[in-house]
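A.B. asks: have a look; sequence and predicted model below, questions after that.
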Amino acid sequence: MRRSSNPSRARLLLFLTLLISFPAIADPIPTRPLRPLMTLTGPAGDPMSMPSDVAVDADGIYVVDGARHRVLVFDPRGRFRFAIGGQGNGAEEFDHPVGITVRDGRLYIADTGNRRIQVFDTGGRYLRGIVTRDQGQAVPPVDVEVSAKGRELYVTSNRRHRVLAYSADGTLLGSWGGNGSNQGQFRYPASITRVGQGRLAVVDVLNTRVQVFYTDGKLSLVVGEWGVLPGQLFRPKGVAVDHDGRYYISDSYMNLVQVFNDAGEFLYVLGRDGEPRRFDTPTGIAVYNGRLYVVEMLKGRVSVFGLPK
């Protein structure tokens with residue numbers, strides 16, 4: 001059978017096939033509405049190109065603008081402030097950065113092509129770089145998270161299919177995972193974020209799930225499974241958790257965001273009146289102070305919404 005080279009046609013064929021195989025997909029989809037607030041596209045005349053991740057705190061919004069090898073900083077109202085970086089391999093330069101987190105006034109950026117984490121304060125001042133090594137070899141980081149007290153860094157590695165744990169000075173403390181589809185293993189881990197009870201949620205992209213671990217690598221919870229029905233994932237990319245422990249997971253193939261409770265049970269799709277809200281290749285996401293921030297990679301923007309209560 002000849003495969004279609006048209007992505008939209010391929011999605012339609014997949015949907016129709018599943019509609020025949022699973023008639024329940026025609027049932028009403030549980031949805032919750034979003035309230036559009038603003039859209040971030042970058043400085044005037046210099047828009048984002050292939051952004052991948054976003055982090056937010058009380059002082060600003062921080063966007064990884066990967067194809068332009070920089071991080072863009074906006075104030076909480078979405079007004080552009082300044083850019084960090086530019087292409088290169090020196091301090092304060094990037095090579096296709098992917099992931100970012102902000103903790104206690106510090107930005108931690110996965111400088112993927114340069115195989116390191118770079119740390120800045122939220123004013124853009126460079127603090128240090130940490131080479132991400134495993135078994136003596138530098139490996140490209142995909143995303144990074146920081147422990148509550150800032151003493152440990154947790155990095156996802158596509159090359160190793162693992163989570164790597166480092167001390168603040170870059171000493172490798174341990175790792176877990178490995179290439180595979182069993183629980184506790186990964187096939188191309190991506191976003192990582194801190195959740196309650198000292199745990200870490202990791203997007204396991206090709207295994208189409210989010211796995212939640214304690215910081216010693218012990219598995220706590222698995223959220224999602226393969227499929228295109230409500231509560232299933234096809235190509236998850238981003239995960240964020242709100243104060244009530246709900247998991248927001250972006251699906252870059254189905255172009256939507258689904259929400260699960262703190263036990264991993266499906267709650268609803270973000271949308272209205274049974275119709276999912278369609279994004280354009282959503283990747284990194286963040287939840288902060290009642291707002292949802294969604295990176296729409298191919299549109300070169302971050303869309304910001306008020307969350308349902």
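C.D. replies: Ah, there it is. Residues are numbered from 1 along each chain as shown.
A.B. asks: phi, psi for R68 please.
C.D. replies: phi -100, psi 10 (degrees, to the nearest 10).
A.B. asks: excluding chain neighbours, what is closest to it?
C.D. replies: S49 (5.1 Å; CB to CB, 6 or more residues apart in numbering). To be clear about C-beta, it is placed using only N, CA and C from the backbone, and glycine gets the same treatment.
A.B. asks: neighbours around that neighbour, how many?
C.D. replies: 14 (other CB atoms under 10 Å).
A.B. asks: measure it to E92 for me?
C.D. replies: 20 Å (CB to CB, to the nearest Å).
A.B. asks: L298 in helix, strand or coil?
C.D. replies: Here L298 is helix, with the state taken from DSSP: H, G, I helix; E, B strand; the rest coil.
A.B. asks: how about the contacts made by the residue nearest to R68?
C.D. replies: Listed by CB atoms under 8 Å, 6 or more residues apart in numbering, the contact set of S49 reads D65, G66, A67, R68, G300.
A.B. asks: then L127?
C.D. replies: R106, V119, F120, D121 are the contacts of L127 under CB under 8 Å, 6+ apart.
A.B. asks: ok, 7 Å please
C.D. replies: L127 is in contact with V119, F120, D121, counting by CB atoms under 7 Å, 6 or more residues apart in numbering.
A.B. asks: which element, helix or strand, includes it?
C.D. replies: strand 126-131 (DSSP states H and E).
A.B. asks: in its sheet, what does the host helix or strand of I84 sit against?
C.D. replies: Assigned by DSSP H and E, I84 falls within strand 80-85. Sheet pairing for strand 80-85, assigned by DSSP bridges, gives strand 70-74 (antiparallel).
A.B. asks: the partner strand: how far from the chain's middle?
C.D. replies: 16 Å (CA atoms, centre = their mean, to the nearest Å).
A.B. asks: going along the chain, name the strands of the stretch 201-309 of the chain.
C.D. replies: 209-214, 219-223, 236-241, 247-251, 256-260, 266-272, 275-276, 282-288, 291-296, 301-306 (DSSP state E, counting those that start in this stretch).
A.B. asks: quick one, which of those gets closest to S181.
C.D. replies: strand 209-214 (9.6 Å; CB to CB).
A.B. asks: run the angle between that closest one and strand 219-223 for me.
C.D. replies: Computed by axes from the mean of the first three to the mean of the last three CA atoms, to 10 degrees, the angle separating strand 209-214 from strand 219-223 equals 160 degrees.
A.B. asks: if you count neighbours, what's buried in strand 209-214?
C.D. replies: Buried residues in strand 209-214, counted by 16 or more other CB atoms under 10 Å: R209, V210, Q211, V212, F213.
A.B. asks: surely the fourth one touches G224?
C.D. replies: No. Applying CB atoms under 7 Å, one finds V212 not in contact with G224, separated by 11.1 Å.
A.B. asks: wait, V304 touches E296, no?
C.D. replies: No. Contact status for V304 versus E296: not in contact, 11.1 Å apart, counting by CB under 7 Å.
A.B. asks: thinking again about what came up before, what's the following helix or strand after the strand holding I84?
C.D. replies: Strand 80-85 is succeeded, C-terminally, by strand 100-103 (DSSP H and E).
A.B. asks: helices or strands up against that following strand?
C.D. replies: strand 51-57, strand 60-65, strand 106-111, strand 143-146 (3 or more CB pairs under 7 Å, 6 or more residues apart in numbering; DSSP states H and E).
A.B. asks: check R3 and give its pLDDT.
C.D. replies: R3 carries a pLDDT score of 40 in this model.
A.B. asks: hmm, I was thinking of A148
C.D. replies: A148 is given a pLDDT of 85.
A.B. asks: for it, phi and psi?
C.D. replies: Dihedral angles (degrees, to the nearest 10) for A148: phi -60, psi -40.
A.B. asks: residue contacts, it?
C.D. replies: Contacts of A148 (CB under 7 Å, 6+ apart): none.
A.B. asks: with F120 instead?
C.D. replies: I84, L107, Y126, L127.
A.B. asks: what's the neighbour count on the second one?
C.D. replies: Right, the one you point to is L107. 24.
A.B. asks: what sits opposite it in the beta ladder?
C.D. replies: With DSSP bridges as the rule, L107 is bridged to V102, F120.
A.B. asks: now do the third one
C.D. replies: Each beta-bridge partner of Y126 is listed here: F120, as defined by DSSP bridges.
A.B. asks: now it: how far from S167?
C.D. replies: In terms of CB to CB, Y126 sits 20 Å off from S167.
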